[in-house]
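[1] Below is the sequence, then the predicted model.
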2 protein chains.
Amino acid sequence: MTLDDEIARLAALANPHRFRIIALLAKESLHVSELARRLGMSRALLYMHLQRLESAGYVTGHLELSDEGKALKFFEVVPFAVTTTVASIVAAVEADTESTH
Amino acid sequence: MTLDDEIARLAALANPHRFRIIALLAKESLHVSELARRLGMSRALLYMHLQRLESAGYVTGHLELSDEGKALKFFEVVPFAVTTTVASIVAAVEADTESTH
DNA sequence: CCTACCTGCAAGTAGTAACTTACACGTGAC
DNA sequence: GTCACGTGTAAGTTACTACTTGCAGGTAGG
């Protein structure tokens, strides 16, 4: 885990909308439009947050065909536990200063 | 721990400068100007980062009088371990929706 | 006096994350 | 055809964080 990755993972979590997205998806896998309805936010905005969460590895999305033939994009959480300590920060910074020497 | 607090704590960590500040202070307590010199950043900018870290509870600062009578503001890290999991997020969001019901 | 340190803050700018609006496209039902 | 559902993206605005510059104040020493 590089310094940038660790920071990106923390930054991806640090947002109330994204907290609510994860909390909802933790209980059931939902498709984008349904998720937007439950959260009361625009689909376009939700997309942005889902992308951030997905690229940080907290959720994954996949297309699914409904009975009516509609393509639905379902998202689900990837179980995780992010721990940051003084020691992990020291290690990340040192690894970074080594590599860029 | 409220939802906002938890997010503030995560956001306060999610920054490369602040990672370096913590990594430096983990080894020795330093005063602001010395810290700025070691990090190669302006004192004013460092101040802003220190304030964010202090209000999130990761570091503490106190004035100290040097032998030459100069007032130096020393900072040191408050040992911490921040863990965020799917369960902790669900709990935080539920506690929040309860309180604001 | 001037220089060399230090703390502390305020005002302005730059850069980025968040958010809105609007569009293109595709399916099934009326 | 049109309506109601869905995905996906691009362009523009707002709001916030990060950052710079500059100044005020203090102490010690030449």
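    It's in. None of these values were measured; they are calculated from a predicted model.
[2] Find the closest residue to DNA strand C in chain A.
    Nearest residue of chain A to DNA strand C (C-beta to the nearest atom of the strand) works out as residue A:69 at 2.6 Å. Yep, even glycine has a C-beta here, placed from its N, CA and C like the rest.
[3] tell me the SS of that residue?
    coil (DSSP: H, G, I helix; E, B strand; the rest coil).
[4] Render the CA-only coordinates of the helix or strand hosting residue A:73 in CSV, please.
    Secondary structure assigned from DSSP states H and E places residue A:73 in strand A:71-77. In CSV, the C-alpha atoms belonging to strand A:71-77 read as follows (Å, rounded to 0.1, in the frame of the first residue of the first chain):
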residue,chain,number,x,y,z
ALA,A,71,-30.3,-3.5,-17.8
LEU,A,72,-29.9,-2.6,-14.2
LYS,A,73,-26.5,-1.8,-12.6
PHE,A,74,-26.4,-3.3,-9.2
PHE,A,75,-23.8,-2.3,-6.6
GLU,A,76,-22.7,-4.2,-3.5
VAL,A,77,-20.2,-3.5,-0.8
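[5] Tell me which stretches of chain A form helices.
    Secondary structure of chain A (DSSP state H): helices at A:3-13, A:16-27, A:32-39, A:43-55, A:86-99.
[6] what would those helices look like in JSON lines with mean pLDDT?
    Output for the helices of chain A, formatted as JSON lines (pLDDT from 0 to 100):
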{"stretch": "helix A:3-13", "mean pLDDT": "95"}
{"stretch": "helix A:16-27", "mean pLDDT": "98"}
{"stretch": "helix A:32-39", "mean pLDDT": "97"}
{"stretch": "helix A:43-55", "mean pLDDT": "97"}
{"stretch": "helix A:86-99", "mean pLDDT": "94"}
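[7] any chance of the ones you listed in JSON lines, with mean neighbour count and distance to residue B:5 too?
    Below are those laid out as JSON lines (neighbours: other C-beta atoms under 10 Å in any protein chain shown; distance: least, C-beta to C-beta, whole Å):
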{"stretch": "helix A:3-13", "mean neighbour count": "19", "distance to residue B:5": "14"}
{"stretch": "helix A:16-27", "mean neighbour count": "19", "distance to residue B:5": "12"}
{"stretch": "helix A:32-39", "mean neighbour count": "15", "distance to residue B:5": "21"}
{"stretch": "helix A:43-55", "mean neighbour count": "15", "distance to residue B:5": "21"}
{"stretch": "helix A:86-99", "mean neighbour count": "15", "distance to residue B:5": "19"}
